[in-house]
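Asker: Sequence and predicted structure, then a few things I'm wondering about:
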Amino acid sequence: MKEMTVLAISNIICSITFGNRFEYTDAKFKRLTSLFAENFRLNSVGGAVRSFPWVRYLPGDMFNIKKLTQNFTDIKDFVAEQIDEHRNTIEEDCQRDFIDAFLIQQQKHGEDDPIFDDMNLTASVLNLFVAGTDTTATVIRWAIIYLIHNKPIQDKLRQEIETVVGSSRVPSISDKSSMPYYEAFITEVFRMGNIAPLSVPHGANKDIRFRGMVIPKGSTLIPNLDSVMTDPELFENPDKFQPERFLGEDGKLNGKERDVMAFSLGRRVCLGESLARMELFLFLTSLLQRFELLPESTDNLPSFDATLGLARASKDYSCRAVKLK
């Protein structure tokens, strides 16, 4: 499932940034997605350099720093090729994608503008891929695991899809507001999957007094989202997968979904939340509309064990997608 989900989500980011999708067999596209995936995995060890910069000078590459750097260089080279190609074929009256829109603003402001320069363009494209590919693909894989382990939940979701969408058309984002059980399900996946338990580092721009202590200016702050996701005072039986906890007696969301901080909290919440929620809705409802998701075999259900890198991901697994009649 890993390669399929990463390729699918990467193609959406490609559509937004490059203006076109790639065939799943395209060698350059598969190379790009594999580089991003490998850097996500290597960061669990290579990330040590952020706290201990001197380790980069140790002999060999025990912290994967050289590998991370080379992968990142290859990714930047790919993006640079795309930018050069866009610059040579751009038409102001026909904006194809994000790169075109940025380059047109660059022409209006001048290349010396500190915002609309090539470095910021490259960084923006890379951020879209880094933050918007493996994370969403990881949530999809967790969702499929919980669907396989909870057949009644899968059946109930499919029934809601049948009632709201039917089988004669594909699900649309306009259907989302009419599908509260899906919303409850994906919220519980966010909570139990918890792909970013420590969110991302923030910084203190002034001294902060908190519970009798002082957090000095310049400190790195790491929010512990796991302490919220598993809080029994917020979620009864937090170790149990139970979408119904987010539904009231009327079958609608009861407000508890606001306690699930899957996209972090405060003023620096994830910028890609709206895109991720749309992707997850369309992917998962389309899958369930057409397929029954089953384990590889009855005695080989996918594991709930996780691997830690930049994201808390499920271990690799296979499953069966049986086409519905």
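Answerer: Great, that's in hand.
Asker: can you list the domain ranges for the chain.
Answerer: Here the domain parsing of the chain from automatic domain parsing is 2-132, 151-323.
Asker: for these, which one sits closest to Thr138?
Answerer: When these are compared by Cβ to Cβ, domain 151-323 sits nearest Thr138, at 4.8 Å. C-beta coordinates here come from the backbone N, C-alpha and C atoms, glycine included.
Asker: pLDDT on the closest one, on average?
Answerer: For domain 151-323, mean pLDDT is 93.
Asker: number of nearby residues for the residue lying closest to Asp134 once chain neighbours are set aside?
Answerer: Nearest residue to Asp134, sequence neighbours excluded (Cβ to Cβ, 6 or more residues apart in numbering): Phe40, at 4.9 Å. For Phe40, the neighbour count with other Cβ atoms under 10 Å is 20.
Asker: In a helix, Phe40, correct?
Answerer: Yes. Assessed by DSSP: H, G, I helix; E, B strand; the rest coil, Phe40 belongs to a helix.
Asker: wait, it sits on Ala131?
Answerer: No. With contact defined as Cβ atoms under 8 Å, Phe40 does not reach Ala131; the gap is 11.0 Å.
Asker: Surely Asn20 is in contact with Ile12?
Answerer: No. Look at Asn20 against Ile12 with Cβ under 8 Å: they stay out of range, at 11.8 Å.
Asker: okay, those two: which has more neighbours?
Answerer: Neighbour totals were compared for Asn20 and Ile12, and Ile12 leads with 19 against 11 (other Cβ under 10 Å).
Asker: OK, contacts around the more buried one?
Answerer: Counting by Cβ atoms under 8 Å, 6 or more residues apart in numbering, Ile12 makes contact with Gly132, Glu279.
Asker: quick one: what helix or strand has it in it?
Answerer: Ile12 belongs to helix 2-17 when assigned by DSSP states H and E.
Asker: Restricting to C-alpha, output that helix in CSV.
Answerer: Presented in CSV, the C-alpha positions along helix 2-17 are these (Å, rounded to 0.1, in the frame of the first residue of the first chain):
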residue,chain,number,x,y,z
LYS,A,2,2.9,2.4,0.7
GLU,A,3,4.0,2.9,-2.9
MET,A,4,0.5,3.2,-4.2
THR,A,5,-0.6,5.8,-1.7
VAL,A,6,2.6,7.9,-2.0
LEU,A,7,2.4,7.9,-5.8
ALA,A,8,-1.3,8.9,-5.8
ILE,A,9,-0.9,11.8,-3.3
SER,A,10,2.3,13.0,-5.0
ASN,A,11,0.5,13.3,-8.3
ILE,A,12,-2.0,15.7,-6.7
ILE,A,13,0.9,17.9,-5.5
CYS,A,14,2.4,17.6,-9.0
SER,A,15,-0.9,18.8,-10.5
ILE,A,16,-0.9,21.9,-8.2
THR,A,17,2.8,22.8,-8.6
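Asker: Tell me how far it lies from the chain's centre.
Answerer: Computed by Cα atoms, centre = their mean, to the nearest Å, the chain-centroid distance of helix 2-17 equals 11 Å.
Asker: Pop out the phi and psi values for the residue lying closest to Val164 once chain neighbours are set aside.
Answerer: Leaving aside its sequence neighbours, Val164 sits nearest to Ser178 (Cβ to Cβ, 6+ apart; 4.9 Å). Main-chain torsions, Ser178, degrees, to the nearest 10: phi -100, psi 10.
Asker: burial count for Ser178?
Answerer: By other Cβ under 10 Å, neighbour count at Ser178 equals 11.
Asker: now do Ala311
Answerer: As a burial measure, Ala311 scores 21 neighbours (other Cβ under 10 Å).
Asker: contacting residues for it?
Answerer: Phe40, Asp134, Thr135, Thr138, Ile195, Ala196.
Asker: Is the residue lying closest to it once chain neighbours are set aside in a helix, a strand, or coil?
Answerer: Residue nearest to Ala311 in three dimensions, not counting chain neighbours: Ile195, with 4.6 Å by Cβ to Cβ, 6+ apart. Following three-state DSSP, Ile195 is assigned to coil.
Asker: Could you double-check that Ile195 lies in contact with Ser314?
Answerer: No. Ile195 lies out of contact with Ser314 (Cβ under 8 Å); the separation is 9.3 Å.
Asker: Show me the helices in the stretch 201-325 of the chain, by range?
Answerer: 226-229, 273-290 (DSSP state H, counting those that start in this stretch).
Asker: most neighbours per residue, which of these?
Answerer: Scoring the helices of the stretch 201-325 of the chain by mean neighbour count under mean count of other Cβ atoms under 10 Å gives helix 273-290 as the most buried, with a mean of 18.
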